[in-house]
Every structure is written in structure tokens, then in C-alpha cells.
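Novice: Give me a model of this one.
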Amino acid sequence: MYTDKTKGPKTWLFWTGLLLAGLILTVALFSSVQSSQALSPLAVEVSKTAVPARLLPGQPVDYTVTFANSGELTATLEVISDTLDPSLTFVEMLPGSDITTTPSVSGAVLFWTGPFTLPAAADLVLHYQVDTSTDPGWHWPCNEATALAGGELVGPARACVEVGPEKALLYLPVVMKSVRSAEFTIAKSVTPNEVDAAPGQVVTYTVTIANIGNTPGRLTAVVDTLPAGFTYVEMAPGSDVAADPTGTTGLIRWAGPFNIAGGGQLRLIYKVRANETPGQYTNLANVEALVGGPPAGPASAVVTVRPSILLEEHFDDGISRWTEFLNHPRLAAGQWYWGSTDGVDGSGAAVHDALAVPGKVAADGLLMYLGEGAQEWTNYRVEMKMMLTGGVDGSGNFLPETGDPIGFWVRGHYQDSEYEAQWVSGYYVVLVGASNRQVHHVRIAKMQQPGDCDACLKPYRMYNFNNPLQKAESEPLPGPFEHYRWYDVAVEVRDANIKVFVDNQLVLDWTDPLLPYLSGTIGFKTHETKNGIFDDVIVTPLP
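Specialist: Predicted structure coming up:
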């Protein structure tokens, strides 16, 4: 019977592809609006393997698609797709897959609709099975996997298999058969690749041994030399080897034999407790090959153990590590200064006085910590002691009951700018109130940016240090905002969430739903303040 091949599944596939291309273009255009944020770029890569690589007609093939986030920020995959060859048919998701839901099928394209969260230094693995065609003869079907992450296209990653009869008769003068002996490669990765210098930090290593030949190979053992201070804990789910190795420190060894078919692989996944001393630690994994060529060399993975404290500042000898924001006519050097005895118990402190410079009245003040790497901090807790003694009005008159808002700048980025009051991003987390009122509050304000603004048609209002948007406010806190009294203030930022603690009590818990700032440093924020005093600052990474 005649079939019109210009219609049917190929037409459906055309429109589906067109729709996907439109979606990718739309997300890409949207993401370009956000490109002015000072955030780390997307660092997601995709790889794909097919096992076995040689099949008989009708036999299933197992695909493994791995998305790896080598960046410092959590990525989000909006949609994952796999364009199958027309001769392939999806069967089921397989054990060990991080995504277990069955994909939507449109023509020959598989879709997994997210969002799927991919933390920094982590992998997302899809493991699924596909049937090959039962038609006789030889086929070499290929398929490609892609994803949309943060409006960017990731991939494609391509994998091909060979499908054909077990035997073939060739009417040739000479019959040649290409045989490639077993030969092994080895690769190693670790998640996370950075941990804090604290007890109980655990990393997960994945060692993958592949036979790139087309004949079976055999391993006597797999070995790993752990760095000093690292201790084996247990095998992890998804590992092809469940037995514990011999040894827990130094050289650990999994005894075989391990048989690996031509085109096949063996994967070991195991957990190790990290050293508590800051530094970089490298370990090497290798195999003992009985049948087949050994790898060219061992595979390595590096773990960085970070200091458990990102910043500790008691202002014992000045404020030289801190930078005043001065890009405004009301601001001048010297409005922030070191008070050698103004801190806790007569120690040093950072002090802001709106009237410290003659002829100037500082309405808003910002003191920034811009130490190396600070603007790349992601999830952390910052705490300090803070005291307010009073305030001023715009003409410089002393107002003993006011001086608010005053508090933290978090997730902050700063750039030099020729435009007045720019360029600052991040959040202000401040105490609001007066010493003669019955209650006070905690407030979160956010620097305006394209896509999250109330002055969107005025570019000079974007990233403006004294024109933030109020985003959240706590319930009333009983009592006045007391002056000449030390407040313990702490802020925790994790992904898009901000928690605020006053005197060790959680008073505000808010998650930014729109274009959150996900990295940045800290500082102190004041407004018409005389004087604002800050001491005993500690910044620690969140686990």
C-alpha cells in the first residue's frame, strides 16, 4: 500500500521542533534582560553514553545522559529533550536515574518537563531504555540529548549504536572482520568538590571504567588512593559494585574479578568523609587489568576544603579592609571611621556619623567588604553586634529618637560607575523604628534591576544604592528600637531565601520569588545616622 511520507510523524516532528526552537528563543531573549546581574555564568555540560554499542535487531539499548554543573551556582533545567532515531522506541526509565517520571513523547522526541534543580558541583543523571527496530539488515541509529538551563541551550550530546544480524554472508574474494581487543579507560568525579573545614563533611566519588574495545575484558581489582585525612564511609546507591573495599584510609581496593563486555562499563559510587583541614586534596583511582589493555593512567578528582570562617572582623586595628561607598554628592571620605574604643567592652568598632565631614549631611551610608572572592560568596550566615545612638534630619539637626533604618547589606556586588548613586546590587536587611515608639520592625529591601523594578523606565534608578524596593517586613517586634544598646543581628542567605535573627530569635523568613541575587559580599547600611556602631562581624558558609 502506498504511504505519503511527507505527512504523519515527520510533519508532527517538524512542528514539534519548531515549537521547541521558539521556546528556546523566547527563554534566550528573556534571559538577556537579566544579563546585567553580576552573577557567575552558566557552567552546565551534558554527556551521553549507550550500552551496549552493538545490538541484534529488536534488542534494547540503555542510555545514560549526565548533566554536570561545574559552576558555583545552582542551575535549573527547564526542559530536557532527546531526539530519537525513527527506528528507536522508548521503553522505560531505569534504576539509578535521578528523574524517574516517564517522558512525554512527541513524534520521535522525548520531553522531560522540569524544573529540575542542579546544585553547584553536582550531576543530574537520566537512565532509560529504548528498543531497537526488529527490521532485518544493518542500522546505525543516533540520537541527541539537549536541555534548556537558565535560558541557554545545553548540548547536544550524541550517542550512536550499531544494529545488525549476528552473522552476515559477504560474497567477496576476501572476508575481513575488524576486531578491537578489550581496552580500558577510567574517569573520576566528586560531588561536591568543595566542603567546609568542619566535622562530618562527606563527598561522593564516582569512578567509571569503560571497555572501548569490542571484545570482553576482565579486571582483577579497582583501587583508589585516598588523600590524607579522608576516610571511606560506604557504597552509594547506583553503584555497580555493592561490596565494601578492603581498607578505609590510604589505598582502598575492590577485589574482582569484574567482567566488562565490549562497549560496556563498570561504575563505582562511594562516600568518603573529608579532611577537616583547609586545602586542596587529590586522589587517584586505577584498575588492575587481567584481560585487556589498562588505562593510559590513573583518574583523579580534587576536593577543596574551605576555611570554616569566610570573614572575622573585630576592628581591633582600624577599618582599612573596608570600602566606603562615595558615589553621591552627600557622601565624603571620613563619614565612616574607626572608633578605637566605641566597640563592645571598649574595643574598636566601625562607626558612621552623618555629620562627621563639615558641610556634608550623609542621608544614606554604605560600608562594603570587598576582600578577594567575597563577591562570589553564595550561601552564608553573617552576624554582628550593632548600636544606634541617634539620627539627624536632612539639614543636619540632631534627632535623638531616630537614625533608622540601619543594618546589613548582603549578597552585594559593587562596580565603579560614572552615574550618581550606582553601581550596587543586593539586599538591605535593616532594623526600623524609633526609641519613642511602642514597636519596631525588621525590613528587607532589594536593589532595583531590569525585570524587578518600580522605576523600570528610568535606567539611572537601577542598581542605585539609595533607591531600593521594599520587599518584606517582619511582624511588629515589641518595644522601641532602643538606643545605646547592643543588638545581636544575624542574616542567613541560602539560594533565594533570607532569614533574619535579632537577639537569637528568628523574626523574618522570606524567599525572593523574582530574579533573586544569589551571590555577593556583606556590608553595613545606615540612613541619617548619628551614630551607627558596628562590631564583632563573623561570616561563615552554610552547609
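
Novice: Find the residue closest to L88 in space, skipping its chain neighbours.
Specialist: With C-beta to C-beta, 6 or more residues apart in numbering as the criterion, L88 has its nearest non-adjacent residue at 4.8 Å, and that residue is V130. C-betas here are computed from N, CA, C, even on glycine.

Novice: tell me which residues form a beta bridge with the one you found?
Specialist: According to DSSP bridges, the residues that bridge with V130 are V61, F90.

Novice: Surely it touches V61?
Specialist: Yes: V130 sits in contact with V61 when judged by C-beta atoms under 8 Å, with a separation of 5.5 Å.

Novice: Which neighbours do these two have in common?
Specialist: Overlap between the neighbourhoods of V130 and V61 consists of L88, taking contacts as C-beta atoms under 8 Å, 6 or more residues apart in numbering.

Novice: What count of nearby residues applies to the residue nearest to L88?
Specialist: 22 (other C-beta atoms under 10 Å).

Novice: Check V61 too.
Specialist: V61 sits with 22 neighbouring residues when counted by other C-beta under 10 Å.

Novice: cool, and the one 3 residues further on?
Specialist: Counted by other C-beta under 10 Å, the residues lying close to T64 total 20.

Novice: check contacts around G137.
Specialist: Applying C-beta under 8 Å, 6+ apart as the definition, the contact partners of G137 turn out to be 57, 164-165.

Novice: Domain-wise, how is the chain divided?
Specialist: Taking automatic domain parsing as the domain assignment, the record places the domains of the chain at 42-164, 181-307, 311-541.

Novice: Which one of those domains has the poorest average confidence?
Specialist: Within those, the stretch with the lowest mean pLDDT is domain 42-164, showing a mean of 89.

Novice: Quick one: end-to-end length of that one, please.
Specialist: The straight-line separation of the ends of domain 42-164 (C-alpha to C-alpha, to the nearest Å) is 41 Å.

Novice: Tell me the bridge partners for the nearest residue to L514 once chain neighbours are set aside.
Specialist: Of all residues beyond its chain neighbours, the one nearest L514 is D452 (5.0 Å), with distances taken as C-beta to C-beta, 6+ apart. In this structure, D452 bridges to Q449 when assessed by DSSP bridges.

Novice: can you give me the helices in this protein?
Specialist: Listed in chain order, the helices of the chain (DSSP state H) span residues 9-33.

Novice: and stretch 497-509, how far apart are its ends?
Specialist: Counting by C-alpha to C-alpha, you get 7 Å between the two ends of stretch 497-509.

Novice: So for it, what gets flagged as buried?
Specialist: Of the residues in stretch 497-509, those buried under the neighbour-count criterion (16 or more other C-beta atoms under 10 Å) are 498-502, 507-508.

Novice: rewinding a little: okay, now the residue nearest to L514: neighbour count?
Specialist: Under the neighbour criterion other C-beta under 10 Å, D452 is assigned a count of 19.

Novice: Same question for V344.
Specialist: The criterion is other C-beta under 10 Å. On that basis, V344 has 15 neighbouring residues.

Novice: can you tell me which residues contact it?
Specialist: Taking C-beta under 8 Å, 6+ apart as the criterion, V344 is in contact with 385, 486, 535-536.

Novice: What about T101, how many residues nearby?
Specialist: For T101, the number of neighbouring residues by other C-beta under 10 Å comes to 9.

Novice: on that earlier part again, now a ChimeraX select for only the buried ones of the contacts of G137.
Specialist: Command for ChimeraX that selects the buried part of these, burial taken from 16+ other C-beta under 10 Å:
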select :57,164
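
Novice: Can you lay out the contacts of G137 as a markdown table showing distance to M368?
Specialist: Rendered in a markdown table, the data for those read as follows (distance: C-beta to C-beta, whole Å):
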| residue | distance to M368 |
| --- | --- |
| P57 | 67 |
| G164 | 66 |
| P165 | 71 |
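
Novice: Restricted to strands, list the contacts of G137.
Specialist: When strands are assigned by DSSP state E, not one member of these lies inside them.

Novice: closest to V91 among the contacts of G137?
Specialist: The shortest separation between V91 and any of these is 15.3 Å, and it belongs to P57 (by C-beta to C-beta).

Novice: Could you check how far the closest one is from E166?
Specialist: Computed as C-beta to C-beta, to the nearest Å, the P57 to E166 distance reads 10 Å.

Novice: residue boundaries of the strands in the stretch 151-300 of the chain?
Specialist: Remark: strands of the stretch 151-300 of the chain, listed N- to C-terminal, are 152-160, 162-163, 184-191, 194-196, 202-211, 217-225, 231-235, 251-260, 265-273, 279-291, 299-306; assignment by DSSP state E, counting those that start in this stretch.

Novice: Report the inter-axis angle for the longest one versus strand 251-260.
Specialist: Inter-element angle recorded for strand 279-291 and strand 251-260: 40 degrees (by axes from the mean of the first three to the mean of the last three C-alpha atoms, to 10 degrees).

Novice: same check, this time on the last one
Specialist: Comparing the axes of strand 299-306 and strand 251-260 via the same axes, to 10 degrees yields an angle of 140 degrees.

Novice: Could you pull up the residues touching L310?
Specialist: When contacts are counted by C-beta under 8 Å, 6+ apart, L310 is found next to 374, 377, 380, 539-541.

Novice: State the distance from A274 to A301.
Specialist: When C-beta to C-beta is the yardstick, A274 and A301 sit 12 Å from each other.

Novice: More neighbours: the two, which one.
Specialist: A274 (26 against 21).

Novice: Quick check: closest non-adjacent residue to that one.
Specialist: Leaving out its chain neighbours, the residue that sits closest to A274 by C-beta to C-beta, 6+ apart is Q201, at 4.6 Å.

Novice: go on, Q59?
Specialist: Distances taken as C-beta to C-beta, 6+ apart place T132 nearest to Q59, at 5.9 Å, with adjacent residues excluded.

Novice: what about the one you found, how many neighbours?
Specialist: The criterion is other C-beta under 10 Å. On that basis, T132 has 22 neighbouring residues.

Novice: Quick check: phi and psi on it?
Specialist: For T132, the backbone dihedrals are phi -90, psi 170 (criterion: degrees, to the nearest 10).

Novice: do you know how far it is from A53?
Specialist: Plainly put, T132 is 12 Å away from A53 if you go by C-beta to C-beta.

Novice: any shared contact partners between the two?
Specialist: A shared contact of T132 and A53, defined by C-beta under 8 Å, 6+ apart, is any residue touching both; here these are V161.

Novice: quick one: which of the contacts of G137 is nearest to F90?
Specialist: In terms of C-beta to C-beta, no member of these lies closer to F90 than P57, at 17.4 Å.

Novice: which residues sit in contact with the closest one?
Specialist: When contacts are counted by C-beta under 8 Å, 6+ apart, P57 is found next to 132-137, 139, 163-165.

Novice: residues touching D317, list them.
Specialist: D317 is in contact with G348, counting by C-beta under 8 Å, 6+ apart.

Novice: Correct me if wrong: A243 contacts E234.
Specialist: No: contact criterion C-beta under 8 Å: A243 and E234 do not qualify, at 11.0 Å.

Novice: wait, isn't L84 in contact with Y128?
Specialist: No: using C-beta under 8 Å as the test, L84 is too far from Y128 to be in contact (10.8 Å).

Novice: Which residues are in contact with each of those two?
Specialist: Residues touching both L84 and Y128 by C-beta under 8 Å, 6+ apart: F90.

Novice: Those two: which is more packed in?
Specialist: Neighbour tally, L84 and Y128, criterion other C-beta under 10 Å: the higher count belongs to Y128, 22 against 19.

Novice: ok, the more buried one to P278 distance?
Specialist: As judged by C-beta to C-beta, Y128 and P278 stand 41 Å apart.

Novice: Kindly report the same for P115.
Specialist: The span separating P115 from P278 equals 34 Å under the rule C-beta to C-beta.

Novice: can you check L266 too?
Specialist: If you go by C-beta to C-beta, the gap between L266 and P278 works out to 34 Å.

Novice: Same drill for the two, tell me which one is more crowded.
Specialist: In this comparison of L266 against P278, neighbours counted by other C-beta under 10 Å, the higher total goes to L266 at 23 against 12.
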